[in-house]
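Peer 1: Any chance you could fold what I've pasted below:
(2 chains)
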Amino acid sequence: MLSLRVSIWATLAALPLAVFAAYALARWKFPGKQIVNSLVHLPLILPPVVTGYLLLMVFGTKGPVGGALQQIGIVFAFRWTGAALAAGIMAFPLMVRAIRLSVEAVDPKLEQAAATLGASRLMCFATITLPMILPGLIAGTVLGFAKAMGEFGATITFVSSIPGQTQTLPSAIYTFLQVPGGETAALRLTLISIAIALTALLLSELLARRAANRAGGR
Amino acid sequence: MLSVSLQHALPGFGLDVQFEAPPGVTVLFGRSGTGKTTVIQAVAGLIRPDQGRVTLNGEVLFDTTRRHWLPPHKRRMGYVFQEGRLFPHLTVRQNLAFGQWFAPRDAKRESLDRVVELLGIGLLLQRRPGGLSGGEKQRVAIGRALLAAPRMILADEPLSALDEARKAEIMPYFERLRDEIGIPMLYVSHSAAEVARLATTVVALQDGKVQRQGTAAEVLGDPAVMPAGVRAAGALLQARVARHHSDGLTELDAGGVPLFLPQIAKAPGSVVRIRISAHEVILSRQRPEGLSALNILPGTVEHLRTGGGPGAMVSLTTPAGRVLARVTRRSAQALGLDTGAECFAIVKTVSIAPEDIGGG
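Peer 2: Numbering: from 1, shown residues only, chains lettered A, B, ... in the order given. Now for the predicted structure:
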């Protein structure tokens, strides 16, 4: 169940940032946009172990950010929060991609129309853009959630696999498979993981269809 | 009073316009690609012009020299777009109410019920825009703009995406906006028929410049102004409905001259605006006899304009007002149509098309 907690937190924390990044990449023109775009996609392209190691360097207790955060009592390394951070970062590019596509599908002319009716940019986003990208948002969230559930490489590098603390589902399965007689336990976890994945997928299909019907104007 | 002064570089030409829009309906008139939409978008704040200053009732909406820019949502301009732009995820009622959420409390508001009744959209309220016809969408769009308590309505070719029947359906609603709500309007159009029917003031644009500004009758009756092409040139006359005849014709009295047209739904005594297209007018030096045409206006040639082509535009003063006639240069010479020449303008009854008849 640690895995669920990690994945939910990872997805929830990454979601607002992903929406912001997707909106910025889809709508705004700014210098260095290509660089930002590459940075967003980096975790998707880099080997997960590299990402995990980079996280360890930056957010480890001796890292520049990790050290500073430790002063105010926030520690990522070898804690479940670290697992969530790793999972969130790995899920981020997938979420941005899905959401960006749906932002691009929203006609900016509708946002203009909302502006002439007195809606500020923030209200435009909340009342027009957000409801219309809801299907993409749900799809992106599920994709991100699945990625977070399955995250292995970066997590095990960054926070290791401490039972009860940082051991997520994939790393537990991996650990069970390393010891003789662990197959039964591994199989049980595999079934749980399949069940969670299928539930998430069905739920998202249902939500996305309802949202798409609304956004389609019927 | 809206006062506009703009310079903006567009592909191929520069936009440079100054005009003032007094209360009533001001139509920005010109053919496609003369920068009309750019002007109205700059007034709404949807594009930033290179240079300029726009004020509404003394309040500065933007002024590039003072680096002042009021964002569109603070301008309170009700914009009716060419293609409606209803929000697809909201019902018609929610679309209508959208602007109400943001309108200032102390603004003069129209009630939802009144607007719904005015536009005849009561049966659509629970529906979503996806299932509406083009004309219905545009009516909802007008209502949505109106309910945001705007200080002015900006309409950018709101009829051009509709077919003729739908145009005829929507036009009366703009007239009601003008006559019943009395809200000032800036209306972009390339259609002389729309100008004739709606405009109190016309600003004719050509190649990014104001070519002429004046009342609808002045501008449409000026042969030099043909922004929508030669075929659209025509005179605007005021006439009074004299009586309805039993053979399906209505007799008008235009400055003492009787004019006949297919029956219109106006009570005798009411005043109508009619438009006579220049290319529907035939000229004769003698009072014609034995002719099937019923409408004959005696007049004097005011002046004759010729261009590079074989055509000439004759402008006549008649008791009914100024009438334009498009003839060939050859016949103008053969008839001796010089300034001061007396002649008769013959208008075929059917040429006063119903879409050109507006209340006024």
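Peer 1: all contacts plus neighbour counts: C-alpha atoms, from now on.
Peer 2: OK.
Peer 1: residue ranges with poor pLDDT in chain A?
Peer 2: Counting by pLDDT under 70, chain A shows low-confidence ranges at A:1, A:214-218.
Peer 1: In chain A, which residue is most central in space?
Peer 2: Nearest to the mean C-alpha position of chain A, by C-alpha atoms, centre = their mean, lies residue A:91 at 3.5 Å.
Peer 1: tell me the contacts of it?
Peer 2: Going by C-alpha atoms under 8 Å, 6 or more residues apart in numbering or on different chains, residue A:91 touches A:11, A:14, A:143, A:144, A:145, A:147, A:148.
Peer 1: can you list contacts of stretch B:6-16?
Peer 2: Here stretch B:6-16 has contacts from B:5, B:17-18, B:35, B:39, B:49-54, B:207-210, using C-alpha under 8 Å, 6+ apart.
Peer 1: what do you get for stretch B:71-83?
Peer 2: The contact list for stretch B:71-83 (C-alpha under 8 Å, 6+ apart) reads A:113-120, B:44-46, B:61, B:103, B:138, B:141-142, B:145-146, B:148-161.
Peer 1: Now do the helices in the chain.
Peer 2: Defaulting to chain A. For chain A, the helices defined by DSSP state H cover A:2-27, A:33-45, A:48-59, A:64-71, A:80-105, A:108-116, A:121-124, A:130-150, A:153-159, A:169-178, A:183-215.
Peer 1: To clarify, I was referring to chain B.
Peer 2: In chain B, the helices defined using DSSP H lie at B:36-44, B:92-98, B:112-119, B:134-147, B:164-176, B:192-198, B:216-220, B:329-335.
Peer 1: distance of the one residue in chain A that gets nearest to chain B from residue B:125?
Peer 2: The nearest approach of chain A to chain B comes at residue A:118, 3.9 Å away (C-alpha to the nearest C-alpha). Here the criterion is C-alpha to C-alpha, to the nearest Å. By it, residue A:118 lies 22 Å from residue B:125.
Peer 1: So for these two, which sits in the more crowded spot?
Peer 2: More neighbours surround residue A:118 than the other of residue A:118 and residue B:125, with 28 against 16 (other C-alpha atoms under 10 Å in any protein chain shown).
Peer 1: contacting residues around the more buried one?
Peer 2: With contacts defined as C-alpha under 8 Å, 6+ apart, the neighbours of residue A:118 are B:72, B:73, B:74, B:75, B:76, B:99, B:102, B:103, B:148.
Peer 1: Kindly recompute the last result at 10 Å.
Peer 2: By C-alpha atoms under 10 Å, 6 or more residues apart in numbering or on different chains, the contact set of residue A:118 is A:124, B:71-78, B:98-104, B:148-150.
Peer 1: Quick check: phi and psi at it.
Peer 2: Phi and psi for residue A:118, reported as degrees, to the nearest 10, are phi 100, psi 10.
Peer 1: Quick check, residue B:19 in contact with residue B:210.
Peer 2: Yes: assessed by C-alpha atoms under 10 Å, residue B:19 is found in contact with residue B:210 at 7.7 Å.
Peer 1: If you count surrounding residues, which of those two has more?
Peer 2: Neighbour count, other C-alpha under 10 Å: between residue B:19 and residue B:210, residue B:210 has more, with 19 against 16.
Peer 1: ok, what's across the strand from that one?
Peer 2: residue B:205 (DSSP bridges).
Peer 1: Surely it is in contact with residue B:203?
Peer 2: Yes: between residue B:210 and residue B:203 there is a contact at 6.7 Å, judged by C-alpha under 10 Å.
Peer 1: Next, show the common contact partners of those two.
Peer 2: B:17, B:18, B:19, B:28, B:29, B:30.
Peer 1: What is the nearest of those residues to residue B:174?
Peer 2: residue B:28 (15.2 Å; C-alpha to C-alpha).
Peer 1: What residues does the closest one make contact with?
Peer 2: B:19, B:21, B:35-37, B:39-40, B:155-157, B:186-190, B:195, B:199, B:201-205, B:210, B:213.
Peer 1: can I see the domain layout of chain B?
Peer 2: The record's domain parsing of chain B by automatic domain parsing lists B:2-222, B:234-359.
Peer 1: quick one on the thing from earlier: buried ones among the contacts of stretch B:71-83?
Peer 2: Among the contacts of stretch B:71-83, those classed as buried by 16 or more other C-alpha atoms under 10 Å in any protein chain shown are A:113-120, B:44-46, B:61, B:103, B:138, B:141-142, B:145-146, B:148-159.
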